[in-house]
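Undergrad: how does the following fold in three dimensions:
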Amino acid sequence: MAKIIAVCKSKDKGTPKQDIGEGKLQEEFGLVGDAHADCCTHRQVSLLAIESINKMRNRGFDIGPGDFAENLTTEGIDLVALPVGTRLSTGHGVVLEVTQIGKQCHTKCAIYRQIGKCVMPKEGVFARVIRGGLVKSGDELKIG
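TA: Coordinates of the predicted model:
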């Protein structure tokens, strides 16, 4: 079973996010209270798999959910293999639509400056919120 293991937000862009345990995803906006939430972008919510974070942990880095500035840390789903347009849903009725796989990193984020490497440009996934609602750690995450 794929699931969400962390819900993270920050006040500023380009900084690690804090795991808040649960939050509200607002339709066509993003995670309420997060610096990246915006009605006018296709990158309203960012997702990163714990499996990607663990690759960095295995190299000796002390990092965890939110450190790569992702909103949702997932487990058990190969995010980068999902085609753009794929819909993801949770048990609380939230529906996300994958809009972008990876990103170009114009300015190095705090984690890159700290450890010299970042997985978001290749393994981060971005989505827009089709149907909003509560999202929390432990929620099942389904394709479709």
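
Undergrad: next, the contact list for Thr99, please.
TA: 42-43, 84, 126-128 (CB atoms under 8 Å, 6 or more residues apart in numbering). Glycine gets a C-beta too; all of them are placed from N, C-alpha and C.

Undergrad: look at it and tell me its secondary structure.
TA: Three-state call for Thr99 (DSSP: H, G, I helix; E, B strand; the rest coil): strand.

Undergrad: selecting buried members of the contacts of Thr99 in PyMOL, what would you type?
TA: The PyMOL command for the buried members of those (criterion: 16 or more other CB atoms under 10 Å) is given here:
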select buried, resi 43+126+127+128
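
Undergrad: now pLDDT and secondary structure too, for the contacts of Thr99, in CSV please.
TA: Listed next are the contacts of Thr99 as CSV, based on pLDDT from 0 to 100; DSSP: H, G, I helix; E, B strand; the rest coil:
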residue, pLDDT, secondary structure
His42, 92, coil
Arg43, 91, coil
Val84, 97, coil
Phe126, 94, strand
Ala127, 97, strand
Arg128, 96, strand
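
Undergrad: and the two most separated of the contacts of Thr99?
TA: Largest separation among the contacts of Thr99 by CB to CB: Arg43 and Val84, giving 12.0 Å.

Undergrad: roughly how far apart are Ile50 and Arg57?
TA: Relative to Arg57, Ile50 is positioned 9 Å away (CB to CB, to the nearest Å).

Undergrad: more crowded one of the two?
TA: When Ile50 and Arg57 are compared for neighbours, Ile50 comes out ahead with 17 against 12, by other CB atoms under 10 Å.

Undergrad: identify the bridge partners of the nearest residue to that one once chain neighbours are set aside.
TA: Distances taken as CB to CB, 6 or more residues apart in numbering place Glu75 nearest to Ile50, at 4.8 Å, with adjacent residues excluded. Beta-bridge partners of Glu75, counted by DSSP bridges, are Lys3.

Undergrad: sorry, back to before: any common contacting residues for Arg43 and Val84?
TA: 99-100.

Undergrad: quick one: secondary structure of Gly23?
TA: Put simply, Gly23 is strand when judged by three-state DSSP.

Undergrad: Lys55 too?
TA: helix.

Undergrad: if I look at it, how far off is Val32?
TA: Relative to Val32, and taking CB to CB, Lys55 is found at 30 Å.
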